[in-house]
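K.L.:
missing the sequence, but the structure's below:
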């Protein structure tokens, strides 16, 4: 018992003697972060905006064309998603990965076919590879709409007069919307070392820089999608009413 008591006392002494964490110099941290985001801003300004030709190419896959492909490759869930999930024909998109985040979904549910999830992972990989080549942090994609059951689509029609009045490509698990002017911070935004309490500040500044350079990031992502389209892997509609790329699995 005496030995145990001595060990406890020694542990307590060691704990009490441990040095307290040094306070964060917020002014210095703010300066470091400002330099960091200024560098991001500078690099993104070098990206040429989408040309008129590129914009036209990104708007060729109109709704009717995407619906036909979605019907051919996807899964219809008129009675709900449970059986398709159980059979593996639909898989869940995680809320957050190294490549994307899924926003709170009002009119859809985060399920897609396995091939569609693989396509999204490939989009994320290629997008971040291009950011790497620019010396820019690995921003993540912002997924705003995924699978709509017929009931969800009907609810959307009541709330949004621009919603499809016929069947939607979103009803088959092959289609999703990716915001092109809004991006999530990287999983690790600390290209410079940051204390944990400064992470929120860093993420906020990095996301604000992405908002300011939205046209340039839209171009980076658009060119990734156009490359995949040229490979026959995706169909794309760059929408005007909403700032999203509406994409459908092509094969």
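P.N.:
That came in fine, so what should we check first? Computed from a prediction, not measured in an experiment: that's the story for all the values here.
K.L.:
The stretch 51-200 of the chain: strands as residue ranges?
P.N.:
For the stretch 51-200 of the chain, the strands defined by DSSP state E, counting those that start in this stretch occupy 91-92, 100-102, 111-112, 141-145, 175-179.
K.L.:
Minimum distance to residue 75: which of those strands has it?
P.N.:
strand 111-112 (9.0 Å; Cβ to Cβ). Glycine gets a C-beta too; all of them are placed from N, C-alpha and C.
K.L.:
Figure out how far that closest one is from the centre of its chain.
P.N.:
With Cα atoms, centre = their mean, to the nearest Å as the basis, strand 111-112 stands 15 Å off its chain's centre.
K.L.:
List the neighbouring strands of it plus their orientation.
P.N.:
Strand 111-112 has the following sheet partners, assigned by DSSP bridges: strand 91-92 (antiparallel).
K.L.:
in the stretch 1-150 of the chain, which spans are helices?
P.N.:
Ranges of helices within the stretch 1-150 of the chain are 2-17, 26-45, 52-57, 63-73, 82-86, 114-134, 150-159, based on DSSP state H, counting those that start in this stretch.
K.L.:
what about the stretch 51-200 of the chain, any weak spots by pLDDT?
P.N.:
152-166, 189-197 (pLDDT under 70).
K.L.:
switch the cut-off to 50
P.N.:
By pLDDT under 50, the low-scoring segments of the stretch 51-200 of the chain are 191.
K.L.:
Go ahead and confirm residue 169 touches residue 175.
P.N.:
Yes: between residue 169 and residue 175 there is a contact at 4.1 Å, judged by Cβ atoms under 8 Å.
K.L.:
residues shared between the contacts of these two?
P.N.:
66, 70, 246, 248 (Cβ atoms under 8 Å, 6 or more residues apart in numbering).
K.L.:
List the residues that contact the second one.
P.N.:
Taking Cβ under 8 Å, 6+ apart, we find residue 70 in contact with 169-172, 174-175, 248-249.
K.L.:
Now with 10 Å, please.
P.N.:
By Cβ atoms under 10 Å, 6 or more residues apart in numbering, residue 70 lies in contact with 76, 113, 116, 167-175, 235, 248-249.
K.L.:
for the first one, same thing?
P.N.:
Residues touching residue 66, when contacts are defined by Cβ under 10 Å, 6+ apart, comprise 168-170, 172, 174-175, 235-237, 246-250.
K.L.:
on that earlier part again, now that we have the strands of the stretch 51-200 of the chain, can you turn them into JSON lines and tack on mean neighbour count?
P.N.:
Shown next, in JSON lines, are those (neighbours: other Cβ atoms under 10 Å):
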{"stretch": "strand 91-92", "mean neighbour count": "16"}
{"stretch": "strand 100-102", "mean neighbour count": "20"}
{"stretch": "strand 111-112", "mean neighbour count": "24"}
{"stretch": "strand 141-145", "mean neighbour count": "22"}
{"stretch": "strand 175-179", "mean neighbour count": "25"}
